[in-house]
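> generate coordinates for the sequence data below:
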Amino acid sequence: MLSRIEYIRNDVTQNCEGKLSEDLFNKYWDDIAQAVFKLVYSHGIAEGREKNLLISRLHMLSSIDLDKHKICRYIDMSGTYPATILQKIISEYCTLTEQTIEGILRSEKHYLYHKRFVTESCCVCNANDVLFCTYTKVIPERLWDIMYEWKEDIDSHICPSNLEKCCERFIPKMIDKCDLSVTVPLVLNIPDMLAFVINRLYVNFDTFLMNNKHAIYHSMEKKRCCNCVKDPTEKILFNKKEWNKLFRKEDSVSCKISPKDYCCKYSVINNIKLSNVDEILLSKICHVTGPISVLNLIGQDTFLYFLNWTVDEQALSGAITELLYVIEDETFRNDMLQRISSCNLHQLYENNVKVDVPRWISKQLQNHKATSETLFPMFVFDKDDLNVKSLQIPTDFSLPNRTK
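The predicted structure follows:
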């Protein structure tokens with residue numbers, strides 16, 4: 001362990017002339033941190049104030065800090081509570097429309113079938129003269145397989161197009177309505193259900209658009225505008241034509257810093273209504289704004305979202321609270337509000353003492369997609385001690401200041 005530290009010192013001073021590439025710096029940083037940890041724990045530091053002080057100092061080596069208590073709370077705030085709330089919203093929608101979730105999946109099957117990443121024309125398309133290529137591809141095969149199963153002998157259907165797995169041979173499965181990876185895409189991709197949620201969330205749709213104009217703008221335009229405090233990192237989702245369906249340019253308004261057509265020059269189209277917006281555009285709006293967008297971000301990468309949540313809990317707690325007011329059941333709503341309130345943090349921790357934090361971290365890191373992006377070393381709690389690992393952060397992910 002000491003020899004490894006000595007080797008790194010000699011290599012840096014003799015061969016690297018005191019200068020390191022970013023990759024080599026990250027590698028040596030991880031190596032030193034791991035060596036220091038092994039060196040400390042090989043001496044069998046007893047539990048107590050001295051060990052806690054030592055660990056606190058060692059955490060200075062890590063750019064990402066993992067706190068057990070916060071992880072336990074995050075598991076509930078990002079998974080348990082939103083799942084329960086979304087399940088209740090879907091239940092109220094089904095009651096109102098006198099449907100079951102399986103019935104909804106059955107009626108929306110053809111629509112969802114062609115929103116898969118990998119799909120082709122089917123006999124329903126041919127019969128109704130519908131172009132399957134016009135569907136927005138947003139549903140991965142993993143999600144489709146969770147919602148539907150293929151039956152070879154279903155009603156002896158013979159596909160006129162001779163497709164091996166025709167749309168008509170799929171039937172809905174019994175889905176887990178507490179699984180956010182399923183329920184969030186359902187809400188985003190079933191138009192009537194999404195309209196139901198938005199109608200309850202926002203009495204004035206035009207006000208909602210105006211309040212979120214900047215976020216929508218930078219899901220169309222990457223360049224920094226006069227309202228930006230930092231370079232935008234949003235992924236491009238909208239095109240100019242879609243933007244013009246929501247906003248109109250005000251010729252009488254001038255930008256304070258530039259003659260360019262930044263979002264400050266635009267206002268919401270007069271008398272715009274939810275019914276005026278097509279289902280694809282509405283889904284895109286909810287991908288980037290509102291409470292569903294927050295849950296969608298968590299679903300895309302739970303661990304990366306956790307990094308920002310440790311610095312700012314407001315976005316997630318605000319999204320949960322906002323979704324609660326979609327629900328008409330006041331008893332349910334008040335109970336959930338009480339459970340997520342700050343006065344119950346101690347009870348929340350007591351309820352989560354049985355959570356296997358190291359296992360949760362390990363699972364998240366395994367699920368995390370490897371990229372060639374920036375590496376950030378961090379300390380990970382193992383069963384017996386701490387370990388040093390590196391997490392790869394995409395360039396378009398905005399890290400909080402504490403982890404930079």
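
> tell me the buried residues in stretch 10-20?
Val12, Leu20 (16 or more other C-beta atoms under 10 Å). (C-beta placed from N, C-alpha, C; glycine too.)

> what's in contact with it?
Stretch 10-20 is contacted by residues Leu24, Tyr28 when judged by C-beta atoms under 8 Å, 6 or more residues apart in numbering.

> could you do stretch 227-243 as well?
Stretch 227-243 is contacted by residues 214-224, 262-264, 281, 284, 287-288, 396-398 when judged by C-beta under 8 Å, 6+ apart.

> which element, helix or strand, includes the most centrally placed residue in the chain?
The chain has Leu297 as the residue nearest its centroid, 1.5 Å off, counting by C-alpha atoms, centre = their mean. Using DSSP states H and E, Leu297 sits in helix 290-300.

> would you mind writing the CA trace of that helix as CSV?
In CSV, the C-alpha atoms belonging to helix 290-300 read as follows (Å, rounded to 0.1, in the frame of the first residue of the first chain):
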residue,chain,number,x,y,z
GLY,A,290,-43.7,19.6,-14.6
PRO,A,291,-43.7,16.8,-11.9
ILE,A,292,-43.8,13.9,-14.4
SER,A,293,-40.5,15.1,-16.0
VAL,A,294,-38.8,14.9,-12.6
LEU,A,295,-39.9,11.2,-12.2
ASN,A,296,-38.8,10.6,-15.8
LEU,A,297,-35.3,11.9,-15.0
ILE,A,298,-35.1,9.5,-12.0
GLY,A,299,-36.2,6.6,-14.2
GLN,A,300,-33.5,7.4,-16.7
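
> helix or strand right after it?
By DSSP H and E, the next helix or strand past helix 290-300 is helix 302-309.

> quick one: average pLDDT of that next one?
Helix 302-309 carries an average pLDDT of 83.

> what packs against it?
Packing partners of helix 302-309 (3 or more C-beta pairs under 8 Å, 6 or more residues apart in numbering; DSSP states H and E): helix 68-75, helix 314-324, helix 357-367.

> just send those helices back as JSON lines, with mean pLDDT, distance to Asn239 and mean neighbour count too.
Listed next are these as JSON lines, based on pLDDT from 0 to 100; distance: least, C-beta to C-beta, whole Å; neighbours: other C-beta atoms under 10 Å:
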{"stretch": "helix 68-75", "mean pLDDT": "81", "distance to Asn239": "35", "mean neighbour count": "18"}
{"stretch": "helix 314-324", "mean pLDDT": "92", "distance to Asn239": "27", "mean neighbour count": "18"}
{"stretch": "helix 357-367", "mean pLDDT": "75", "distance to Asn239": "31", "mean neighbour count": "15"}
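
> between these, which gets nearest to Ser275?
helix 314-324 (22.0 Å; C-beta to C-beta).

> show residues contacting the following helix or strand past the closest one.
For helix 314-324, the following helix or strand on the C-terminal side (DSSP H and E) is helix 330-340. Under the criterion C-beta under 8 Å, 6+ apart, residues 77, 81, 84-85, 88, 317, 320-321, 324-325, 327, 344, 348 lie in contact with helix 330-340.

> if we go to 7 Å?
Tyr81, Ile85, Lys88, Ser317, Ile320, Leu324, Ile327, Asn344 (C-beta atoms under 7 Å, 6 or more residues apart in numbering).

> that one vs helix 68-75, what angle?
Put simply, helix 330-340 runs at 160 degrees to helix 68-75, going by axes from the mean of the first three to the mean of the last three C-alpha atoms, to 10 degrees.

> kindly reformat the helices and strands packed on helix 302-309 as JSON lines containing distance to Asp251.
Converted to JSON lines, these look like this (distance: least, C-beta to C-beta, whole Å):
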{"stretch": "helix 68-75", "distance to Asp251": "47"}
{"stretch": "helix 314-324", "distance to Asp251": "35"}
{"stretch": "helix 357-367", "distance to Asp251": "50"}
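
> listing request: residues of the stretch 151-300 of the chain with sub-threshold pLDDT.
The stretch 151-300 of the chain contains residues with pLDDT under 70 at 153-157, 160-163, 233, 258-259.

> which parts of it are strands?
170-172, 247-249, 266-268 (DSSP state E, counting those that start in this stretch).

> could these be laid out in TSV, adding mean neighbour count and distance to Phe25?
Formatted as TSV, the strands of the stretch 151-300 of the chain follow (neighbours: other C-beta atoms under 10 Å; distance: least, C-beta to C-beta, whole Å):
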stretch	mean neighbour count	distance to Phe25
strand 170-172	18	51
strand 247-249	15	45
strand 266-268	18	44
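
> quick one: closest of the ones you listed to Leu96.
strand 170-172 (19.9 Å).

> contacts for the closest one, please.
Glu102, Leu105, Arg106, Lys109, Met147, Tyr148, Glu149, Trp150, Lys151, Ile154.

> change it to 8 Å
Against strand 170-172 from outside (C-beta under 8 Å, 6+ apart): Glu102, Leu105, Arg106, Lys109, Tyr113, Met147, Tyr148, Glu149, Trp150, Lys151, Ile154.

> who does the helix or strand harbouring Leu112 touch, helix- and strand-wise?
Assigned by DSSP H and E, Leu112 belongs to helix 109-113. Helix 109-113 is packed against helix 141-147, strand 170-172, with contacts defined by 3+ C-beta pairs under 8 Å, 6+ apart.

> check which helices and strands the next helix or strand after the longest one sits against.
It stands for helix 141-147. Moving toward the C-terminus from helix 141-147, the next helix or strand (DSSP H and E) is strand 148-150. Helices and strands touching strand 148-150, as assessed by 3+ C-beta pairs under 8 Å, 6+ apart, comprise strand 170-172.

> ok, the strand it packs on: who's next to it in the sheet?
Using DSSP bridges, the strands paired with strand 170-172 are strand 148-150 (antiparallel).

> and the partner strand, how far from the chain's centre?
Put simply, strand 148-150 sits 26 Å off its chain's centre (C-alpha atoms, centre = their mean, to the nearest Å).

> distance of Ser254 from Cys228?
18 Å (C-beta to C-beta, to the nearest Å).

> same deal with Leu237?
18 Å.
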